[in-house]
Structure formats: structure tokens, C-alpha cells
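1. Task: produce atomic coordinates for the following.
(4 chains)
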Number of protein chains: 4
Amino acid sequence: MIIPQLGEAKYDSPVTFSVSEETFSPANVRWPGGTVPEDLLLFEIAGPRKKLFFDAKNTRAAIVTCGGLCPGLNNVIRSVTRELIRGYGVNTVLGIRGGYRGLDPDRGKSPILLTDDLVENIHKEGGTMIGTSRGPVDTKVAVDFLIQNDISMLFTVGGDGTQRGGYDLFEEARKRGHHLAVVGIPKTIDNDVHFVTRTFGFDTAVEEAVRVINSAHTEARSVENGIAVVKLMGRHAGFIAAAATVASQDVNFCLVPEVPFVLDGTGGLFAAMERRLARKSHAVLVVAEGAGQDLLDASDRRDESGNLKLNDIGPFLGDAFKAHFKARGIDMTLRYFDPSYQIRGCPANTQDALVCDFMGRHAVHAAMSGRTGLVISFLHGHFVHIPTGIIAGGSKRLELNGELWHAVLSSTRQRAMFQ
Amino acid sequence: MIIPQLGEAKYDSPVTFSVSEETFSPANVRWPGGTVPEDLLLFEIAGPRKKLFFDAKNTRAAIVTCGGLCPGLNNVIRSVTRELIRGYGVNTVLGIRGGYRGLDPDRGKSPILLTDDLVENIHKEGGTMIGTSRGPVDTKVAVDFLIQNDISMLFTVGGDGTQRGGYDLFEEARKRGHHLAVVGIPKTIDNDVHFVTRTFGFDTAVEEAVRVINSAHTEARSVENGIAVVKLMGRHAGFIAAAATVASQDVNFCLVPEVPFVLDGTGGLFAAMERRLARKSHAVLVVAEGAGQDLLDASDRRDESGNLKLNDIGPFLGDAFKAHFKARGIDMTLRYFDPSYQIRGCPANTQDALVCDFMGRHAVHAAMSGRTGLVISFLHGHFVHIPTGIIAGGSKRLELNGELWHAVLSSTRQRAMFQ
Amino acid sequence: MIIPQLGEAKYDSPVTFSVSEETFSPANVRWPGGTVPEDLLLFEIAGPRKKLFFDAKNTRAAIVTCGGLCPGLNNVIRSVTRELIRGYGVNTVLGIRGGYRGLDPDRGKSPILLTDDLVENIHKEGGTMIGTSRGPVDTKVAVDFLIQNDISMLFTVGGDGTQRGGYDLFEEARKRGHHLAVVGIPKTIDNDVHFVTRTFGFDTAVEEAVRVINSAHTEARSVENGIAVVKLMGRHAGFIAAAATVASQDVNFCLVPEVPFVLDGTGGLFAAMERRLARKSHAVLVVAEGAGQDLLDASDRRDESGNLKLNDIGPFLGDAFKAHFKARGIDMTLRYFDPSYQIRGCPANTQDALVCDFMGRHAVHAAMSGRTGLVISFLHGHFVHIPTGIIAGGSKRLELNGELWHAVLSSTRQRAMFQ
Amino acid sequence: MIIPQLGEAKYDSPVTFSVSEETFSPANVRWPGGTVPEDLLLFEIAGPRKKLFFDAKNTRAAIVTCGGLCPGLNNVIRSVTRELIRGYGVNTVLGIRGGYRGLDPDRGKSPILLTDDLVENIHKEGGTMIGTSRGPVDTKVAVDFLIQNDISMLFTVGGDGTQRGGYDLFEEARKRGHHLAVVGIPKTIDNDVHFVTRTFGFDTAVEEAVRVINSAHTEARSVENGIAVVKLMGRHAGFIAAAATVASQDVNFCLVPEVPFVLDGTGGLFAAMERRLARKSHAVLVVAEGAGQDLLDASDRRDESGNLKLNDIGPFLGDAFKAHFKARGIDMTLRYFDPSYQIRGCPANTQDALVCDFMGRHAVHAAMSGRTGLVISFLHGHFVHIPTGIIAGGSKRLELNGELWHAVLSSTRQRAMFQ
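-> So this is what the prediction gives:
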């Protein structure tokens, strides 16, 4: 579509990034089939199919939630359960308790029967009513359990590790001749999954983070040279920190894993902070938990899920500021905020409630049709099926030439720091 | 991408709609140029361009907000202002006061100068700090005004009529040899604009609607045969009603303009309500303002913006229920909720704050490059440029075979009513 | 206690009311017994007693909620239940369903057994989990029911009529030789009960009203000559309207039942509104439902509880403004807000949650000790026992020479209207 | 007033505290003058007086905020300013910047002029728009400053130290023959001031604490043996911890400064926690910052305000639990929450907005009448004047035989721990 143009654009732009004049976006992203450009990766549209692989009334399904909390888990459990029961007439939906442990009779509690009534109000509370845990699944033990309990459909809500584990379950079941549909719903509050525009819980996390940033801003402004440091989630990608910065518009420094920074020197954080305090007498700094890891001592520990344990950049920065300004003879007051667990335990907000409902229903549609080894994704405004293999392989990062990071730079004016 | 399939799907699905097996969605919706399938409508990606048409420091810009309130107007004003000043170095940004009236010196107040400081905190309040009004623009008078004030860039925030009016301004200015970039930011709380996935304010509206539905649900449940009727926005499309229904999960009937319904007979609303009360003793009904207009007396009035004035379906339904149940000798209690203006006056929530910030900045990027006669759209997760002509021509509707309406039917179980 | 005084106060104060120099407040309002000044009305302090009249493990208790909804009903039900079970070891606590109807087997549903588990989370939702209704109790039928069900303790949560009805039950039971402790918890969202400083739900109501006033203020300000009319609860007393006005500080006119006003003439509302619009171009008016009833047609209808049905001052004022300004040739935009039922259905906020917990527990302490014919009151910061007879006789009003009304006048500057 | 009694109370109560049968509360706490019982401490009722000491239009006033943040500071500043200007016609109201430092030209910034317009919207944000700091006032320097600036009225918003400092200013001014009315508004988020029923900010603090406890509860419940430790404000008194516990009803252990506890042994916290986990698999523990200080190393540091710096009980308890359960071979997950600064930076909620408005106005009434050396108190539902000397002398504590602590014990069931 041609956009009218007043005339030749001949002035140089001061904006530090630009989009190509040759890039377009289609009006409709549903590809009608037919010839496909060679290098175009296409995903199936999620949704109910005309024909089902499973005979609903003789099918037993189960759902499991793994890893850390994320707003919306109960919404997903509820919508999976209700779509199975109300939409398809499945009689038995089991809630596996305490994450993958619940698939091992020696380690976990036995499952609970999820009924239409039992899930009625669970979406109004945070957390997961079937519990969670970290750590891998013992594939053989779990498949034994699934076969013994005649479960032919497993919904796995969790991160990379959980989805890889789910894929192994499907493979092992196939070897044993047991039809097992494993459908994943990706869960990462950090929103860092490739081929997924937005994971559930992210929007709630940003909303709650903005609330905390408001208080941090107030604390910083109330005293002479007040610095508020707010640590937010974001192990490898700074989406929460960046989005909260833009939504709040009260942040002066936003540090993310994708953008290295130094403390000392003219382009360093200390000098930038001194300039800020000299001009405005207060500052709000937001730091993603994975930012600046190179500044900390190396560490090699992993948690039970196999995730690298990060050193804690939040207190490190707080202490570094205190030491620096003391050495410089400048009085300041530091306030430190770490709201991560408070945020993770919140109920889903409206937007996440909608995403969770769709995610849960689409997972059921996929499983009923006999699909397996996939995760449900919200991509470019549509829900699609993504093979588990390709999402488990990588991790999405902030585009430093994209509009979100540009908006961060514009609202913080922190660019000078990185020059 | 191939999704593993456990085997042939041979059972018929009870779900009343299904997606085609032949529809796919591309992994990347940014089209790299090159050959384009004939029937593929492509839109330019929004964003800053390398070269500018306007010399920023000698350019005067203006912004105007028209029509009813919508959460996020102040956010848009702020981001347009800040991107112009901070991003490009524009010195003069004028706020046209009271909508298009402000472009007519005989009818409106003179503009105010928008500075970086003045807009500092405006996004924390609802409404529009430059005021608004309904009604068309007098093209000739307005272009006189724009030329006299040496304004070469106008940002129009408003609905269909506003954008059509803005386009006329650009055409008239061209005739007079005045370079005028007119860039629109579509504003409709109903989210019913073609080629726009989500308009700003919609998410906040759904969130606030859910709060009211919670109270309505409580009122209905507290008495024997309590019926709560909640009227929500939605003149021609039921997106707010549908999304609030799905997010709340406490709604039993969701009536939208796209789906006709009758009151009497076995498939009618009265019978459906009787069945619901018999089973559960209470009901929550959400109705979009444009639903069921065929049931009301014809009306031909239009408001100042030229929009058709609807008859009020909310009180009509309330009275109809009272009369019906009285005639049937059934005691009931009716509670009516009409939160529309309360919702329109709210500040933007986090999600809308982000959308507004991007919308505002992209509008500035487009205008600085010399583009005109376009609106900024958020489509499939990206911001694009849409020629004003094509959005003004039609209006988006709920897809009755889509996932949102399916989720409404599943959570309300109202399907029987339409059979 | 003597307060230092800088010298003689000799200037006249412009403040229109003043307190007497001879009035004092005691440091401790717990009267230690002993001689009592003749005219001093003393109430028993609420709280657990050393000795009980009832043998807890052989006692059956019941609770009933009557009349309109009010935030906190579920909190009261929960705390009564838990104090009976956990605090005293009572085995049977019955929830009477649907208000006083539930004491009549021919009209209501049978009671439900309230257990520690059943009430676990009910306080997180608004409304009343045992239902409510309006209308009087049939004393004889109800006492039959109480005797048949061996209920010797009844907690009545409701307004004047409910408490009078409860007192009759106690009298009737006494005649029949049945020990029945009837303990009331006064419920009126209007906070208009004599000898009660604050009834539960009032604080939540004010908080929610302020939210609506915020939107109303935004709507009014966004257009030229915008008038927002917000109708709030308050049949005979304007406490909610006044407190919301002071808490919001955005209200320009606050109309309450205690202060008559006229529409026309120099001291009338129309002239005051014209002056306001001339100065500020917008106005927010809050009106209690019982204000200005003399301006409306006489009406003699009563609802099922015997309360006088008021004519609706809200739409009346809206129409009156429209007609007035049309006649005067002044353009204006009127927005009308009626959030009453939305407010009544909210869950209790923190402050009300505390008051409800104390109210419920104190009611149990009183009943266990054998007291009857009383209501629990929160008075001067303490919970006390008030004989039902004296609270039922009158109704509290706004003190026009008190600090609340003074704060209303100061924040609205509406005084001129009443001169 | 006599309450009907069903008969003799002869059973022993299981409730561990009881109120005396001989204690009463008067219906009206406004003492009409006349004979006063010898030992009855009486306070003046706050409010406007008929005669003023100061000639308003020639009087200059100032306000200062000191110490840590507390919700409502801006509300107080606004109401003091508006009552002075609108209520009395005072022309000059100065905001002393950065606490008592602002009274020393060598250390602080010069004051800002507070106008009706400037304070228009400040109450919608947390913090204090004139800044704050810790540390004492230099009496001589400050009185020099007040005299030079012709300030004859100073409103001091702060804690004990601030009020003592304010009293010294009045004494010093008197020595120098300068009429200086010093009126204090007590500020302590902990609500621990004698002769003050509730200080401003306390209600907001409890509300926000409950929000955090909700998330903590969710986190604890989601895993096997999850323990959530929430540290709240409360240096010497556990009012916030206790009120948040009762309002939330989800807390299992509430530790306050007033109630010593031990970690080991059968009545110790560890054993109680083990019993709780064995029964319910999760626990929420709320601890006031001043609780259990005897368990920590002695410390003698004081902050700039002269307050004793406490050792940090929160992390201490977290580490102690981890070590204990590791030694016992019991897997558990600990989550720690420290929301103090987040809470302090919140805007005032509705209830606190009301209290602040009254506090501010009453402070102005007192000063205009020539009173000095006093603080405004909200006591038994009324605002009174308290001589600064007596409130500065002591500190209020939780009554362990009172209804609040009883409600804590009932909702937590933690009593066994203290036996």
C-alpha cells in the first residue's frame, strides 16, 4: 500500500536506528496454502479440528505445572480442564501434583481429579492449585506411571527444560506403543522464548513491576541524592525491565543482559549517575537479574532445573554505589527493591487471563486431534503450533535496533552512558 | 513445520467450528521485499527513517484529540511531544484545544505550547489534557489556521470521522501548496478498526469492565433469582463484551451486535434465562450497546460526529426481563450496571501505556520522514503504516468462527440460546 | 491538659463554625466503674467474659444476613463461625439462607452447615455466601423453626428492621421458655446508626466512590462545560457523599439529605453551577440519593423492608441541568454516574476486614455469655454492647458544625450556594 | 445501659483473656466541662476557635516534613496549605525543603512558596513534595532563620525526635520574644504513639502489607514445605504486623516486639513450624522488624535521627530456618519478602486521605488560635490537642489482653508456640 509522501526526504535523522524502506508486513498472516516461498517458515494455525484422534469419553488426560510461579497458571489449568470436559466430553482430567515429581509415585503425591466445579474459582488466585517443583522428570518412571494410569494426553506447563522433558515422554511412550499426546504451554515470565510473541504472565509482571517502580521513584525523590535500585526478573533477556521502564516513564537507568555496561570511566555507570544526581538530585535504576554478570565473580552453580544460578547483581550494584559515592565524598541515600517473588505470586491480570484461556483451549484442541510434541504459541497476534524441538533450542533477546529499546533510551535518556 | 501426529483422526469433533488444516502463519511477518504474491496486501513497517523530509528545528507541529474519551490519550500526547522534542529537536509542539474546534479561531480556544516539562506527568491521569469535542472540522478554516500558524505537521487522534477529516486537511493544504503531514492515531475503545489488531484503551476498558462484572456477579448471586445486566461499549462490534466475558468467566449471557437474538420462543433469551435461573438461581448478562438494535424502535438520529445514535438496549432489556418474569409469576431481582463513562475516564493500564508510547513515537517518525495521509496501526504484533483511505472505509467485526467467540460460548454455555 | 498559648486571641475567625473552649475528651474512655455522673450514658465494653451461659459443645448457633449487600458480609460470617468453632468449641453453626425467609420452611431453603473449611476463603469475595433478602420476619414461624432446630444463638446482620425483628424473636422465644441469645451486627453502608461511629462496609464504599469520582472528574474536564453528576448512597445521611468528597478533593458540589438546597435564584444550584462553569469550564457534583427529595414529587411507596422508596434525585438533577442550560443558551455536556450496586458488591477493603473480624468475634463473646437483645457497636475506637432498643429508635446525621462538613465546604468551596 | 441476660453464666470460658464486667464506655466522649474526676486526663477538642491570635493576612507560615516516608505526607502539606490560604486568608505558606536541614541556610535549599495551585494534585502521589531528611535541628540556627523570614507558625510533621525538636524551637523563640506557634502532626507508620489511636499512613501500610502477604501465601502454597517470611515495619510495636495478619487471615505466625519467642525447644518456633509443615505443608510467617532482637547480637548503633538501628531479624530468621531444616533432613523452600520501602512510598488510601485532611486542618486551627507546643491527635474517634511533652515521653504497645492480639491468635492458631 502506497503512503503519500510530501517530497524527497533529504535531512539526516538524529535517531540512532532506522527501519529499512524495503520491509513490509502483510495484512493477513494466515497463509492460504499453495506455493510457499522457499525460506518461509510456516506454522500451523491452532484451533479445533473437524476430526479427532481420541475418543473423548474414553480418554484420560493429565496436566502438570513445573518450575517457578508465574501469574496465570491456575487460569491455564482451569481452561484446559473446562475445554476437555465441556468442549469434548472427556470424563477424567487429572492434576499431577508438585510438578514432574508427581509422575513418580515414590517421590510425589497422587494426582487429584480436576472437575468442572473444583476449578470454578481457581483463576482468581495466583500460584498453581496442583503445586509445582523444579527438577527433571525420570522418563521411564513417568511413562510407567502414565501407562498404569491410562493417561493418553499430558499437558505440560513449564519452561525449556519442562518442554524437553515432555518431548522425551512422548518419545518413550511411542517406543512402548502407548499413544501419548504431549502438548506444552510455554511458561516463562521473562518472555524470552523464540517464536512466541508473548508468554502468559508477562503482562501481569510488567504491571506489578510498574507499581513497585512508582514507590521506588517516590522514595528516591523524597531525599537529597536518593538512588532507588529495583531488581526485576530477566535472566537472559531484559523484556520485563524494558517494558516496565517504558510503561512507567519514571526510570533513569535500565540495565539488561543484552547490553554490557561498565562501572568506571567516562562512559561508565558511576559517571552517568553522578551527572544525573547533579542535575536532578535523584535517580531510579532498574536492573534485570541477568544484567552485568561479567562484573561479578564467575559462578558455576545450577539449580535443580539445571538453570545457571546467577550472582546477585542487585545488592552488588547497591554496595558499589555506596562505596563509590562514599569515596567521592558525596552524600546519598540508597533504597533497594527486590519484588520478584511478590510479582510471581500475583493472579493474572485481564490480558493474561485472556491469553491463558486461549492457550489452554488450543492445547486441548491440538491434543484431541492427535498432535503431540508441540507447544502452543501466541505469535503475531495468532495462536500457532510450534514443534517442541525448535523452541527448546534458543532464546529470544531484546532487539537493540527495535522500538522497545528505542523507547527505553528515549524515556531514560541513558544513551550517553553507552558512548 | 511438521507437527508429529499420533495417527489418523477419525472421530467427529463436537466443537462447532474448526480451522482449516491448510492454513499457516509465517514465523516472520516482516516481508523482505522482492516478489510479492499478487493478492497480498503489504503495509510499510513503522519506525524511524534514515532521511527526514522536515528540518526539525524549523518545524512546528500540532496534535489534536477528538471524540469521546479513551484511556491513553494523555500517553499519546506525551509520547508525540517527547519524541518530537527529545528525539528530533523540534522546538514548537502545539496542543490544539477542544478537538477540531480548536482549529477554528472563532469557535475554540487558542492552542497551548506543549513542553517537555508540561507533559511530564500527564500520563498518570485519564482524559486528555488538551480537551476534546465531537463534530467535523471546517476544512478551509482549519487550513487557514494551520498555514497562519506555520504548522506543517498535524497528529490527529480520533475515530473514523476524525481521520477522514484529517485526510481532507492534507488534501486542502496540498492544493494551497502548504506542506502538511497529517498522521493519524486511530482511537476507538471498541477496537473495531480494520487492519488494526488492537487500538489503545481497549485493554484498560476490558480490565475495568471485568471489575464491574465482578460486582454484578456478586449482586446477582446474593439474592434468589438475581439477574445482573451489564451494558458495555461496542456500537458495531462486541470485542469489549466478548473479551470481558472471557477474562471474567462469570458471565452467563454475552450479547453482541454481530449475533442477532430473539426474546421469545424456545431459542429466545427469555426461555434461556428461565432455564438458567431454574438451574442456578442467578445470572449475569453482558450486552454491548449495539446489540439487539432490531428489537428497538427505529431511530435516525446522529450525534455531532455523525455517528448513529443507538437506542438504549440496556434499560430495554432490564424492563423486558421485569415484565416477562412478572407475567410468568416468577420473583426476581434485577440489577442494572452502565459503567461506560467510568471506564472511558480511567488512566491507561500498563499494556495500553506501552501501546500508546509506541503509537505516538511511530507517528512522529512517519511525519518527520514526510509521510502523510496515513494512520499508525498495531497489526500482528508490529506497528505499520496504513493509508487513511482504507481504514476509514470499513469496520472490524467479531469472527463468529474464531477463538474469541468460541471462548465466549464455552465460558457462558449460551449456545443453546441460538439454536 | 494545658496547651501553651502565645497570648490572647483577639481576632475574629472567618471560619463559620467553632468548637467550645470548654469541651474536652478523656484520655481513656474505659470507665472504671464507681460513681457515674447522672446524665452519662455508659455502654458495656465488648469482649470475652470469664463465665459462659451456654455450654459450647451442646450449643447450636445460626447466622442470618438481611437487606441489601454491603462489603464485609462474608467476613462477618467467617469470623462468627470461626470464633464459635475455634474459640469456644461450638460444633454446629448454621447459615440461614436468603435472609429472614430462611427461617420459614415454607418460603426459604434449608440452612447450610458452616464449617471451618467452608468459610476458609469466603472473605475474599463480596456479597454473602448464605444469600439475603428484604422483608420482615414472621416471628411465630421463625421461633418455631429455631426451637425445632434447637438453635439457641442467632446472629442477625442487617439494618434497623432486621434488628427490631431479631429483638422480637428473642421476646417471643422467652415467652415460650426457649433460651435464645439474639446478637445483632448493624449493617448500613450509609453509616447512619446512632451510637455507632462506623459501620462495616462504609470505608470500602468511600474508597470505591472515590475511584468513580476520579473518572467523573476526568470526563467533566475533557470537554468544554462538562458536568459530571455522581449519585452515591445515603438515604437519610450524607456520610458517604461527604467522606468521598473530602477524600477525593476533586468535587465541586456535594449535596446531602441534611442540607436543603434550591435550584433557582441567586443562592440556588443553577446560579452556582453557572459561576463555576464560567470560572473553570467543568464541574463535578456528588449527590446522596436522599438529597433534595423536597424538589421531587411526593411518593409514598415502601420497599419490602418497609423503607421509604426515594424518588431518583440523580436523573432528576441531570435533566434539570440540561433543561436549564438549554434555556440559557449555554452548551454543556452532562455525564451521569450511578455506581451504587457496583460498590455494594465489592469485597471488604483492609480496614473493613478488620472491623468485620472484631464485630463477628465480639458478637460471639456476647452470645456465649448469655447476653441477648443487643447489637455490637464500634464507638469511639472501642467495641461496645448497645441495647437493640436504643439503636433502632433513631438515625445519625451529618453534624453541620462538625469537621467533616467543614472539610466538605473547604474542598468544594460551595458555601456561597447556601447563602 | 442494661443488656438483657438469659441467666447466670456458670461455665468457664476457654478464651484466654476476658474483659472486666465493671468497665464501661461513655456514649459521648466530649466532656461538657464542670466537675472532673480527679484522675481523669482530659484533652482539648481540636477545631476552629471563635477568636484568633494571629492576624491572618499578615502572618507567614511554614511546614516541614522529617524522617522516613509515610503515606499521606503530601495530603497533610496540601490541607495545611489550603486551610491557611482558603480558610483563613494567610498569604504566605512556605515549604521548608529537605526536613530540618531546610531551616539551616548552610545545609539546605531555600524554602518554596506553597500556593493553592501548586498543591492542587500533590495528594495523588506518595512521598513529600518538599523532601525530607533525618537528623536533629540546630535550634539556634533554625530560630534565626525563622525570625529572619518572619515565620510565626511552623507545622512539624514527624516522629518523636521531630516533635521534641519543634518544642525546643518554640521555647527558644519565646526566649527571644518571637511569637512562634509550633504545631506538630505525629508521623509514625508504626502507629505506636501514646494518646493517638491511629497515626496517618498506618491504614495504607496495612493494606499494602496484605497485598504482599497474598503473594507470599501463594508462593508458600505452591511448593512442598514452602515457608514465606514477610518482614514488616514495627520497631517497638507490632501493630502493622498484627493488623495485616488479621486483615489477611492467611498468616500462620505473627512475631512482634511485644512477645518474646525462642527458636528451640518444645515451645519454640522451630518445633511449631515443623508441626505446621507436617499438617499443612506450607506456612506464612510475618515478623515485625523489632521482634526477636534478643536473639540477635547486641548492637548500639543509632541512625541520624537518633533511633536505635535494629539488627535485621528477617534474613536472620530465613537463614535460621534453612539451617534448622537442613540439619533435620527436611526439604523446604524459603521465600523472603521485605516490602518496607515499597509500602512507605505509596500514596495514601482513602481512609488515610481523610485522616490527613483533618489532621492538617486542625493543626491550622490550633496555630491560628495562638496555641503552640502541641500535637494533633486522633483519639477515640475525635481529634484533640495533646501537649508535645507527654506524647514524646513514651510509646504505645500492643495490648496482649486486647482484641487485636486475640484476633491474631485466633487466626494464626499460634498460641501453642508460646506455651
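
2. alpha carbons only for contacts and neighbour counts from here, please
-> OK.

3. which strands and helices sit next to the lowest-mean-pLDDT helix or strand in chain A?
-> Ranked by mean pLDDT, DSSP states H and E, the weakest helix or strand in chain A is strand A:24-26, scoring a mean of 72. If you count contacts as 3 or more Cα pairs under 8 Å, 6 or more residues apart in numbering or on different chains; DSSP states H and E, strand A:24-26 packs onto strand B:42-45.

4. tally of neighbours for residue A:177?
-> Number of residues near residue A:177 (other Cα atoms under 10 Å in any protein chain shown) recorded here: 9.

5. what do you get for residue A:107?
-> Other residues near residue A:107 number 11, with proximity taken as other Cα under 10 Å.

6. ditto for residue A:183
-> Residue A:183 has 33 neighbouring residues, counting by other Cα under 10 Å.

7. how close does the residue in the stretch 51-200 of chain A positioned nearest to chain D sit to residue D:222?
-> Closest residue of the stretch 51-200 of chain A to chain D, Cα to the nearest Cα: residue A:131 (4.5 Å). Per Cα to Cα, to the nearest Å, residue A:131 is found 5 Å from residue D:222.

8. okay, and the common contacts of the two?
-> Shared contacts of residue A:131 and residue D:222 (Cα atoms under 8 Å, 6 or more residues apart in numbering or on different chains): residue A:98.

9. so who does residue A:59 touch?
-> By Cα under 8 Å, 6+ apart, the neighbours of residue A:59 are A:90, A:91, A:92, A:151, A:152, A:153.

10. residues contacting the closest residue to chain D within the stretch 251-400 of chain A?
-> Nearest to chain D in the stretch 251-400 of chain A, going by Cα to the nearest Cα, is residue A:345, at a distance of 4.4 Å. Shown here is residue A:345, whose contacts under the criterion Cα under 8 Å, 6+ apart are A:69, A:70, A:71, A:126, A:127, D:214, D:215, D:216, D:218, D:219.

11. Which of those fall in helices?
-> Counted as lying in helices by DSSP state H, out of the contacts of residue A:345, are D:214, D:215, D:216, D:218, D:219.

12. The stretch 201-350 of chain A against chain D: which residues are in contact?
-> Applying Cα under 8 Å from any Cα of the partner chain, we find that the stretch 201-350 of chain A lies next to chain D at A:212, A:214-216, A:218-219, A:221-224, A:335, A:337, A:339, A:341-346.

13. repeat that for 10 Å
-> By Cα under 10 Å from any Cα of the partner chain, the residues of the stretch 201-350 of chain A that approach chain D are A:211-224, A:228, A:333, A:335-347.

14. on that earlier part again, so which of the contacts of residue A:345 also contact chain C?
-> Okay, of those, nothing touches chain C (Cα under 10 Å from any Cα).

15. The residues you listed into JSON lines, with extra columns for neighbour count and distance to residue D:107?
-> Shown next, in JSON lines, are the contacts of residue A:345 (neighbours: other Cα atoms under 10 Å in any protein chain shown; distance: Cα to Cα, whole Å):
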{"residue": "A:69", "neighbour count": "28", "distance to residue D:107": "48"}
{"residue": "A:70", "neighbour count": "28", "distance to residue D:107": "48"}
{"residue": "A:71", "neighbour count": "30", "distance to residue D:107": "48"}
{"residue": "A:126", "neighbour count": "26", "distance to residue D:107": "49"}
{"residue": "A:127", "neighbour count": "31", "distance to residue D:107": "50"}
{"residue": "D:214", "neighbour count": "23", "distance to residue D:107": "43"}
{"residue": "D:215", "neighbour count": "23", "distance to residue D:107": "43"}
{"residue": "D:216", "neighbour count": "31", "distance to residue D:107": "43"}
{"residue": "D:218", "neighbour count": "28", "distance to residue D:107": "47"}
{"residue": "D:219", "neighbour count": "32", "distance to residue D:107": "46"}
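
16. and of the residues you listed, the nearest to chain C?
-> Closest approach between the contacts of residue A:345 and chain C, by Cα to the nearest Cα: residue D:214, at 10.8 Å.

17. Quick check, the closest one in contact with residue D:286.
-> No - with contact defined as Cα atoms under 10 Å, residue D:214 does not reach residue D:286; the gap is 11.7 Å.

18. what do the two both touch?
-> Taking Cα atoms under 10 Å, 6 or more residues apart in numbering or on different chains as the criterion, residue D:214 and residue D:286 both touch residue D:251.
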